[in-house]
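Student: Have a look; sequence and predicted model below, questions after that.
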Amino acid sequence: MKAARLLAPALLPLLLMACSVGRSVVPPSDIGTYEVGAETTDTKILLASSDSDFKVEVARRLSESLEDRLVYVKFIGLKQLMKEDVSDYAAIVLMTRCTSWAIDPETKAFLEKNPELSGIIVLITSGDGGWKPEMEGKKFDAVTSASVLENADSVAEEILEKVSAITNIQS
């Protein structure tokens, strides 16, 4: 019994590290690149996301909602984000995840590289949907959710409201 009490605290760091390593060894893939609307349109929106059933569904619903508006939306993967010239975009939507109690590395690097950029909305998925990053000095609006497909419509609506407020696009 005494050995078990001594062993338990030693195993906790290993358990926590195992969660981190697993996510690092098998990083998520990215969504495919596609566009909605004409690139010559004045209002441009960038959406970058990793590939998961939930995020793909949220992106699909956003795409459907925006396709009849006078906007151009470019969908890319998070790994492509640092290569993208973001200066022409009125709004940037990043759909990422909580990884080992931190924001996804690609998203964090982008936010750190662009600390003065406004019009950023970050959807963060986590187990219970309540985790938000502590990114002092960064200008972005966080939306949190668990990756539950039944919630995709309400999450897409929340993001659309924020995008509409930033860009002044109308239905």
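Tutor: Everything's here; your move.
Student: Can you tell me the closest non-neighbouring residue to the spatially most central residue of the chain?
Tutor: By C-alpha atoms, centre = their mean, the mean C-alpha position of the chain lies nearest to Met95, the distance being 1.8 Å. In space, not counting the residues next to it along the chain, Met95 is nearest to Ser49; the distance is 3.7 Å by C-beta to C-beta, 6 or more residues apart in numbering. Quick note: C-beta positions are derived from backbone N, CA and C, even for glycine.
Student: where's that neighbour, which helix or strand?
Tutor: For Ser49, the host element (DSSP states H and E) is strand 44-49.
Student: Would you mark the buried spots in the very next helix or strand once past that strand?
Tutor: Elements were assigned by DSSP H and E; along the chain past strand 44-49, the next helix or strand is helix 53-66. Counting neighbours by 16 or more other C-beta atoms under 10 Å, one finds that the buried residues in helix 53-66 are 54-59, 61-63, 65-66.
Student: circling back to that earlier point, now the helix or strand in which the residue nearest to the centre of the chain is found against helix 53-66, angle please.
Tutor: With elements delineated by DSSP H and E, Met95 resides in strand 91-99, which encompasses its position. For strand 91-99 against helix 53-66, the angle between stretch directions is 170 degrees (axes from the mean of the first three to the mean of the last three C-alpha atoms, to 10 degrees).
Student: Can you give the distance from stretch 94-107 to the centre of its chain?
Tutor: In terms of C-alpha atoms, centre = their mean, to the nearest Å, the centre of stretch 94-107 is found 7 Å from the chain centre.
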